[in-house]
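K.L.:
following is a predicted model, sequence given first.
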Amino acid sequence: MKSILLSLLACAIITAPISQAQARNTPCSGKMGGVSHCSKDGKFVCHNGKISQSKKICR
(Lines give C-alpha, C1' and ligand atoms only; values in the text may rest on other atoms or scores of the structure.)
Protein backbone atom coordinates (compact mmCIF):
# COMPACT_ATOMS: atom_id res chain seq x y z
CA MET A 1 0.00 0.00 0.00
CA LYS A 2 2.81 2.41 0.83
CA SER A 3 4.54 1.72 -2.47
CA ILE A 4 1.37 2.58 -4.40
CA LEU A 5 1.00 5.86 -2.54
CA LEU A 6 4.66 6.71 -3.08
CA SER A 7 4.31 5.93 -6.79
CA LEU A 8 1.27 8.20 -7.10
CA LEU A 9 3.03 10.97 -5.23
CA ALA A 10 6.10 10.67 -7.46
CA CYS A 11 3.93 10.85 -10.59
CA ALA A 12 2.17 13.96 -9.29
CA ILE A 13 5.47 15.67 -8.53
CA ILE A 14 6.88 14.82 -11.95
CA THR A 15 3.84 15.93 -13.97
CA ALA A 16 3.10 19.19 -12.10
CA PRO A 17 5.92 21.22 -13.72
CA ILE A 18 4.99 19.88 -17.15
CA SER A 19 1.41 21.11 -16.89
CA GLN A 20 2.61 24.53 -15.69
CA ALA A 21 4.99 24.80 -18.64
CA GLN A 22 2.19 23.93 -21.04
CA ALA A 23 -0.05 26.58 -19.51
CA ARG A 24 2.57 29.25 -20.17
CA ASN A 25 2.78 28.23 -23.83
CA THR A 26 -0.91 28.52 -24.62
CA PRO A 27 -2.40 31.57 -26.31
CA CYS A 28 -4.01 34.11 -23.99
CA SER A 29 -2.70 32.51 -20.80
CA GLY A 30 -2.15 34.30 -17.52
CA LYS A 31 -3.64 37.76 -17.10
CA MET A 32 -5.28 37.66 -20.54
CA GLY A 33 -7.96 35.30 -19.23
CA GLY A 34 -7.80 32.53 -21.82
CA VAL A 35 -9.06 32.33 -25.38
CA SER A 36 -12.43 33.94 -26.04
CA HIS A 37 -12.78 33.20 -29.75
CA CYS A 38 -10.97 33.18 -33.10
CA SER A 39 -10.76 36.20 -35.37
CA LYS A 40 -11.55 35.92 -39.07
CA ASP A 41 -7.84 36.00 -39.95
CA GLY A 42 -7.02 33.06 -37.64
CA LYS A 43 -5.71 34.93 -34.59
CA PHE A 44 -6.68 34.19 -30.99
CA VAL A 45 -8.84 36.83 -29.28
CA CYS A 46 -8.42 36.79 -25.51
CA HIS A 47 -11.12 37.35 -22.87
CA ASN A 48 -9.61 40.75 -22.07
CA GLY A 49 -10.17 41.81 -25.72
CA LYS A 50 -6.54 41.75 -26.85
CA ILE A 51 -5.17 39.75 -29.77
CA SER A 52 -2.69 37.04 -28.80
CA GLN A 53 0.87 37.33 -30.12
CA SER A 54 0.92 33.57 -30.66
CA LYS A 55 2.27 32.23 -33.94
CA LYS A 56 -0.32 29.43 -33.81
CA ILE A 57 -3.32 29.57 -36.11
CA CYS A 58 -6.78 29.51 -34.55
CA ARG A 59 -9.38 27.34 -36.30
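P.N.:
That came in fine, so what should we check first?
K.L.:
how near is the residue nearest to residue 56 when sequence neighbours are not counted to residue 38?
P.N.:
In space, and not counting its chain neighbours, residue 56 is closest to residue 27: 6.1 Å by CB to CB, 6 or more residues apart in numbering. The way it works is simple: take the backbone N, C-alpha and C, and place the C-beta from them, glycine included. According to CB to CB, to the nearest Å, residue 27 stands 10 Å off from residue 38.
K.L.:
and those two? Which one has more around it.
P.N.:
More crowded of residue 27 and residue 38, by other CB atoms under 10 Å: residue 27, with 19 against 14.
K.L.:
which of the helices or strands spans the more buried one?
P.N.:
Using DSSP states H and E, residue 27 sits in no helix or strand.
K.L.:
247 is where my numbering starts, stick with that
P.N.:
Taking 247 as the first residue, the last one we looked at is residue 273.
K.L.:
what residues are up against the residue nearest to residue 302?
P.N.:
Shown in contact with residue 273 (CB atoms under 8 Å, 6 or more residues apart in numbering): 281, 290, 292, 298, 300, 302, 304.
K.L.:
mind doing that once more with 7 Å?
P.N.:
Contacts here follow CB atoms under 7 Å, 6 or more residues apart in numbering; on that basis residue 273 touches 281, 290, 298, 300, 302.
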